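Engineer: My questions are about this predicted structure, shown below with the sequence.
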Amino acid sequence: MTEKEKLELEKEAEIKNGAIDENPRENVDCPFCKNKETIFYVDYEKGEVFGRYCSCVKERNIKTYLRTSGLSFVANAYTFDNFIADTPWQKYIKDTALEYIKEDYNTTGFYIGGQVGAGKSHVCSAIAIYLIKKGNRCKYVRWRDFTSEARACMNSEDYKDFMKEHTSVKLLYVDDFLNTPSIPTDSDLKLAYDLINGRYANGLNTIISSEYVLPKIHDFYEALHSRIVEHTEQKYCLSIPKDIGKDQRLK
């Protein structure tokens, strides 16, 4: 390669690197790539200019995942740092959750059920937000919203796509699992089993909060209980006995 050809390639890379994206994704302003998310270099051996992702892409992706997860509204409030752990049962919840996130549990679920106001949604949100910041896509759903949408398309071609969306996303957080106006119906339980079983079969993380402790799930539907135990490896399946004294919202 001649010096002239080298200079031409360097000039091309300089021009590309100098271009500015005036509408940066997620409003992240990067001085290195000038918001293009790519930095251009010269490959002298191949005689071409090539691009590599800028380090800012990770930050932009995390912000995108957080925004699209449905959890951005609690990202600052529901953290491990501000989860109150003054009592042994609270410390057990927090310690178990922290153990859960130590490694990349690609195939393991986390279930916490029991007393209202005991911090179940807080700790589940903290887990989900932590995993999002590790680069995982997440979807947050409230059980009642999920069942409402599922039933709306159950007798159409859209149902298969709806279930696939929820059984294939990297991380799913189901809040208020099986929370219905009365006890869960057979239809509720079948839908719950199809969801958990599908994610278990696909080897994907599922985070679940519920007012029902696991023995109650067993009373409702033994197969669902068994699948949750398998999915959480049992050690990440927590039950908080009913005790109004544990309702932190009353303090």
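Structural biologist: Good, I have the coordinates.

Engineer: In three-state terms, label S209 for me.
Structural biologist: Of the three states, S209 takes strand according to DSSP: H, G, I helix; E, B strand; the rest coil.

Engineer: what's the next secondary structure element after the one helix or strand D219 maps to?
Structural biologist: For D219, the host element (DSSP states H and E) is helix 214-220. Later in the chain than helix 214-220, the nearest helix or strand by DSSP H and E is helix 222-231.

Engineer: ok, and for stretch 39-59, which residues are buried?
Structural biologist: I39, F40, V42, V49, C54, C56, V57 (16 or more other C-beta atoms under 10 Å). Just so you know, the C-beta spots here come from the backbone N, C-alpha and C atoms, and that holds for glycine as well.

Engineer: what sits against the first one?
Structural biologist: Looking back up the chat, that one is I39. Contacts for I39 (C-beta atoms under 8 Å, 6 or more residues apart in numbering) come out as N17, F32, C33, G51, R52, C54.

Engineer: Mind doing that once more with 6 Å?
Structural biologist: C33, R52, C54 (C-beta atoms under 6 Å, 6 or more residues apart in numbering).

Engineer: Likewise for the fourth one?
Structural biologist: Residues in contact with V49, defined by C-beta under 6 Å, 6+ apart, are L9, E12, A13, F40, V42.

Engineer: Am I right that the last one sits in a helix?
Structural biologist: Translated: V42. No - secondary structure of V42 (three-state DSSP): strand, not part of a helix.

Engineer: Now do the strands in the stretch 1-150 of the chain.
Structural biologist: For the stretch 1-150 of the chain, the strands defined by DSSP state E, counting those that start in this stretch cover 38-43, 48-53, 110-114, 138-142.

Engineer: Leaving out the residues flanking it, which one is nearest to E59?
Structural biologist: Setting aside the residues directly before and after it, E59 is nearest to V28 in space (C-beta to C-beta, 6 or more residues apart in numbering), at 5.6 Å.

Engineer: what's the answer for D21, then?
Structural biologist: Per C-beta to C-beta, 6+ apart, closest to D21 is N35, 3.9 Å.

Engineer: ok, now K133?
Structural biologist: Counting by C-beta to C-beta, 6+ apart, the residue nearest K133 is I62, at 5.5 Å.

Engineer: how much space is there between that neighbour and S182?
Structural biologist: 40 Å (C-beta to C-beta, to the nearest Å).

Engineer: Mind checking which of these two has more residues around it?
Structural biologist: I62 (17 against 6; other C-beta atoms under 10 Å).

Engineer: so what pLDDT did that one get?
Structural biologist: I62 carries a pLDDT value of 93.

Engineer: Check L250 too.
Structural biologist: pLDDT for L250: 68.

Engineer: cool, Y105 as well?
Structural biologist: Predicted confidence (pLDDT) for Y105: 55.
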